[in-house]
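> One predicted model, sequence on top.
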Amino acid sequence: MARRELEPHRVVRLEEDAVVLLDQRRLPDEEVELRCTSVAQLVDAIRTLAIRGAPSIGIAAAYGLALASERGEDLDLAYAGLVGSRPTAVNLRWALDAMRAEPTRERAEELHAEEVERCRRMGAHAVELFPEGARVLTHCNAGGLATGGYGSALGAIRAAAAAGRVAHVWVGETRPLLQGSRLTAWELEQLGIPHAVIADSAAASFMARDEVDLVVTGADRIAANGDTANKIGTYGLAVAATYHGLPLVVVAPTSTLDPAAADGADIPIEERDPGELTTRFAARNPAFDVTPAHLVAAIVTEIGVHRAPYATTLPRATAVVQ
Ligand code: MRU
């Protein structure tokens with residue numbers, strides 16, 4: 001299959017009268033765009049995961065605020081609706097706050113371009129963490145779809161693949177909404193990087209059989225001490241990786257850092273509709289978990305590779321990119 005780049009404007013963009021996004025609920029079967037002509041529609045699109053992934057929802061919200069501003073709508077109301085659409089990813093609040101001083105389409109486009117540039121820089125920094133012929137395990141989708149283009153964890157994987165260091169990627173399917181088997185596998189296929197989907201529950205046994213060299217994930221929010229919230233199941237992968245002596249590397253832009261959260265206990269965890277799991281029985285459906293910092297081998301931001309103790313090595317503010 002010919003390699004195909006997921007251009008940032010395909011993930012999300014602002015047109016004259018709508019925020020337009022590639023509807024991630026329909027992938028990989030259909031590439032269909034969704035036009036959100038109101039903030040209410042955009043809030044619904046974020047809630048229902050038509051667009052998802054921490055940086056992407058921040059960028060989409062920024063476009064939504066710009067649209068509301070052009071129409072002379074109540075910006076406090078738009079802010080409140082958008083910021084409340086999903087609770088865990090701090091990028092949502094970060095992007096909306098960044099838009100407060102200048103809620104224009106130019107500012108939103110600039111913010112989008114800066115997030116993509118952060119991803120490219122993270123990828124370049126992360127390459128050194130991949131051994132030659134790396135067999136990588138990733139979870140959820142931290143690719144171009146999740147970041148407005150290029151990717152964080154997947155950006156690192158593609159940069160390492162371009163450097164000839166990646167032999168294979170194991171893609172955890174990521175129950176219950178299958179961001180791994182639907183979205184990450186789709187992106188890897190388009191990038192021409194060898195991969196195979198595995199059940200989430202198979203990850204530890206692939207590690208035990210010495211078929212994994214490192215685990216690479218994104219993040220939704222990173223506390224000041226390095227505790228990292230990411231898709232449910234990441235914590236289990238971190239425990240299994242540590243047991244097998246394998247590094248778990250988190251790749252996330254500085255817009256995902258939350259210095260106001262002292263540790264993971266300060267990170268709100270989204271509980272989604274149990275109906276996403278089963279409509280027949282009682283269920284619980286937390287969308288994220290927190291991996292304690294001591295199980296994270298390295299955190300890669302656009303500034304560089306950070307190691308424990310994260311309280312002193314992580315940047316305290318979002319880096320300015322030019
Ligand atoms: O519920 P989702 O699909 O929005 O969850 C996304 C994740 O957990 C990603 O790993 C995270 O946002 C990092 S994306 C660069």
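Looks like it arrived, so ask away. As the structure is a computational prediction, the values presented were derived from the model and not from experiment.
> Just the buried positions in the longest helix seen in the chain, please.
Ranked by residue count and defined by DSSP state H, the top helix of the chain is helix 105-126. For helix 105-126, the neighbour count (16 or more other CB atoms under 10 Å) marks 105, 107-109, 111-112, 114-126 as buried. The way it works is simple: take the backbone N, C-alpha and C, and place the C-beta from them, glycine included.
> do the same with stretch 272-287
272, 277, 285, 287.
> residue ranges of the helices in this structure, please?
8-11, 39-47, 54-70, 75-83, 91-100, 105-126, 144-147, 153-162, 185-191, 203-208, 234-243, 310-313.
> can the ones you listed go into JSON lines with extra columns for distance to the ligand and mean pLDDT?
Formatted as JSON lines, these follow (distance: least, CB to the nearest ligand atom, whole Å; pLDDT from 0 to 100):
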{"stretch": "helix 8-11", "distance to the ligand": "11", "mean pLDDT": "97"}
{"stretch": "helix 39-47", "distance to the ligand": "9", "mean pLDDT": "98"}
{"stretch": "helix 54-70", "distance to the ligand": "4", "mean pLDDT": "98"}
{"stretch": "helix 75-83", "distance to the ligand": "15", "mean pLDDT": "98"}
{"stretch": "helix 91-100", "distance to the ligand": "8", "mean pLDDT": "96"}
{"stretch": "helix 105-126", "distance to the ligand": "8", "mean pLDDT": "98"}
{"stretch": "helix 144-147", "distance to the ligand": "4", "mean pLDDT": "98"}
{"stretch": "helix 153-162", "distance to the ligand": "7", "mean pLDDT": "98"}
{"stretch": "helix 185-191", "distance to the ligand": "12", "mean pLDDT": "97"}
{"stretch": "helix 203-208", "distance to the ligand": "15", "mean pLDDT": "98"}
{"stretch": "helix 234-243", "distance to the ligand": "7", "mean pLDDT": "98"}
{"stretch": "helix 310-313", "distance to the ligand": "17", "mean pLDDT": "97"}
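> and among those helices, the most buried is which?
Highest mean neighbour count of the helices of the chain: helix 144-147, a mean of 31 (counted as mean count of other CB atoms under 10 Å).
> residues in contact with that helix?
6, 8, 11, 22, 24, 27, 52-56, 115-116, 119, 140, 150-152, 154-155, 183, 187, 218, 253 (CB atoms under 8 Å, 6 or more residues apart in numbering).
> ok, now stretch 122-132?
136, 150-152, 155-156, 158-160, 163-166, 213-214, 216, 247, 249, 251-253, 298, 300-305.
> how far out from the middle of the chain is it?
18 Å (CA atoms, centre = their mean, to the nearest Å).
> In space, what's closest to the residue of the chain found nearest the ligand - neighbours in sequence excluded?
The chain approaches the ligand most closely through Gly218 (2.8 Å), counting by CB to the nearest ligand atom. Of all residues not flanking Gly218 in the chain, Ala142 sits nearest, at 2.9 Å (CB to CB, 6 or more residues apart in numbering).
> now the one you found: how far from Arg26?
Counting by CB to CB, to the nearest Å, the gap from Ala142 to Arg26 is 20 Å.
> So for those two, which sits in the more crowded spot?
Each of Ala142 and Arg26 has its neighbours counted (other CB atoms under 10 Å); Ala142 has more, 34 against 14.
> In this structure the more buried one contacts Ala153, no?
Yes - Ala142 lies in contact with Ala153 (CB atoms under 8 Å); the separation is 3.6 Å.
> which residues do those two both contact?
Counting by CB under 8 Å, 6+ apart, the common neighbours of Ala142 and Ala153 are 217-218, 251.
> residues from the stretch 151-300 of the chain in reach of the ligand?
Selection of the stretch 151-300 of the chain residues close to the ligand by CB under 6 Å from any ligand atom yields 152, 179, 217-220, 230-231, 287.
> hmm, 8 Å instead?
151-153, 174, 177, 179, 217-220, 230-231, 234, 251-252, 256, 270, 287-288 (CB under 8 Å from any ligand atom).
> per-residue confidence for Glu5?
Reported pLDDT at Glu5 in the predicted model: 87.
> That one - how many residues pack around it?
Applying other CB under 10 Å, I find that Glu5 has 11 neighbouring residues.
> Likewise for Glu271?
Other residues close to Glu271 by other CB under 10 Å number 12.
> I figured it hits Asp289, correct?
No - contact criterion CB under 8 Å: Glu271 and Asp289 do not qualify, at 11.8 Å.
> Provide a list of residues in contact with His112.
Here His112 is in contact with 8, 12, 59, 62-63, 148-149 (CB under 8 Å, 6+ apart).
> Touching, Pro268 and Arg86? I think so.
No - counting by CB under 8 Å, Pro268 does not reach Arg86; the two are 9.8 Å apart.
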